[in-house]
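[1] test case, fold it:
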Amino acid sequence: MNDDFPLEKLRTLPEENSKRFSDLSHLLQGRIEDFLIEAYVIMPPTPDQVKLDLFERVNCGGVPLNKQEMRNVLYQGEATRILKRLAESEAFKNATGGAFLNEKRMKDQYILIRFITLFLYSDQKIRDEKGEICSYKKHIDSFWEKGMETLNRMKEQEIQEIEQMVLETLEKSYFYLGRDAFRLPKGKRKSPINMNVFETVMYIMRYVPENNEQLRPRINQRISKFLGSDRFRDNIGNHRDSEEKIKWRLKKAETIGRSLAKDD
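    Got it, this is the predicted structure:
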């Protein structure tokens with residue numbers, strides 16, 4: 001309405017393309033001026049799950065936001081800032097082979113918050129507002145939300161340490177496994193980035209030594225063998241986000257990572 005933007009890509013009224021507000025007929029100007037914009041005010045202490053449910057219902061009139069896009073709106077703060085920085089980092093771009101360079105639906109930030117939350121969970125740092133340790137919940141989306149809540153309550157020093165840990169782990173993943181570090185072995189055909197492979201490989205890389213050229217063949221072979229095993233494929237199949245399967249992945253990843261670290 002301030003003439004800052006021209007109309008573009010109109011299909012219904014293509015003759016209005018390139019026009020600014022002042023160029024429109026009085027009829028169209030009036031319809032824009034009279035358009036009703038609805039606002040929903042959510043008062044505290046509304047539970048987070050209620051916010052998500054409401055947001056999802058309101059949002060379904062257009063292109064529905066996915067869960068991570070909703071979390072990005074509801075949990076603004078340190079959590080959203082660290083995820084954005086990590087997703088835009090060279091370490092992430094290299095380790096994922098540039099798979100998310102044109103990402104517009106926050107899938108990159110989703111796999112990052114999954115790993116960070118599982119890391120915090122294993123270190124018993126997922127806590128509620130009272131500071132008490134939270135256990136894994138069956139509602140998996142609320143689990144990732146707890147991760148973002150925890151990040152938002154952390155001090156700057158803690159955030160820096162987590163960010164540095166993730167960057168170093170990404171760099172080690174790229175060094176030892178290359179651009180396909182987070183893809184399932186699939187013969188000649190290139191498979192997409194797999195979120196369960198991402199969090200598992202990243203968890204393993206927490207323990208392996210930094211960039212040891214002599215260990216590279218052994219680490220690559222050991223991880224590839226594990227990712228290609230029937231047991232791992234079964235684990236990331238049905239009910240892959242159940243408490244039992246997540247704990248199995250974390251335990252196996254830690255065991256493999258520690259055993260590879262001993263070879264240093």
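[2] stretch 46-60: which residues count as buried?
    Going by neighbour count (16 or more other Cβ atoms under 10 Å), the buried part of stretch 46-60 is 48, 51, 52, 55. No exception for glycine: its C-beta is placed from N, CA and C like everyone else's.
[3] now that stretch: mean pLDDT?
    For stretch 46-60, the mean per-residue pLDDT is 80.
[4] now stretch 94-113
    pLDDT averaged over stretch 94-113 equals 95, rounded to a whole number.
[5] tell me the gap between that stretch and the middle of its chain.
    What separates the centre of stretch 94-113 from the centre of its chain is 8 Å, taken as Cα atoms, centre = their mean, to the nearest Å.
[6] what's the end-to-end length of that stretch?
    18 Å (Cα to Cα, to the nearest Å).
[7] which one of the buried residues of stretch 46-60 is nearest to residue 133?
    residue 48 (18.0 Å; Cβ to Cβ).
[8] what distance do you get for residue 83 to residue 122?
    The spacing between residue 83 and residue 122, counted by Cβ to Cβ, to the nearest Å, is 19 Å.
[9] more crowded one of these two?
    Under the neighbour definition other Cβ atoms under 10 Å, residue 83 and residue 122 were set side by side, and residue 83 has more, 25 against 17.
[10] in contact with that one, which residues?
    Contacts here follow Cβ atoms under 8 Å, 6 or more residues apart in numbering; on that basis residue 83 touches 72, 109, 112, 113.
[11] how far away is it from residue 31?
    Remark: distance between residue 83 and residue 31 (Cβ to Cβ) = 39 Å.
[12] next: residue 21.
    Taken as Cβ to Cβ, the spacing of residue 21 relative to residue 31 amounts to 12 Å.
[13] ditto for residue 172
    On the measure of Cβ to Cβ, residue 172 and residue 31 end up 57 Å apart.
[14] what is the helix or strand of the chain with the lowest mean pLDDT packed up against?
    Averaged element by element with mean pLDDT, DSSP states H and E, the chain has its least confident helix or strand at helix 48-59 (a mean of 80). Contacts defined by 3 or more Cβ pairs under 8 Å, 6 or more residues apart in numbering; DSSP states H and E place helix 48-59 against helix 67-74, helix 140-153.
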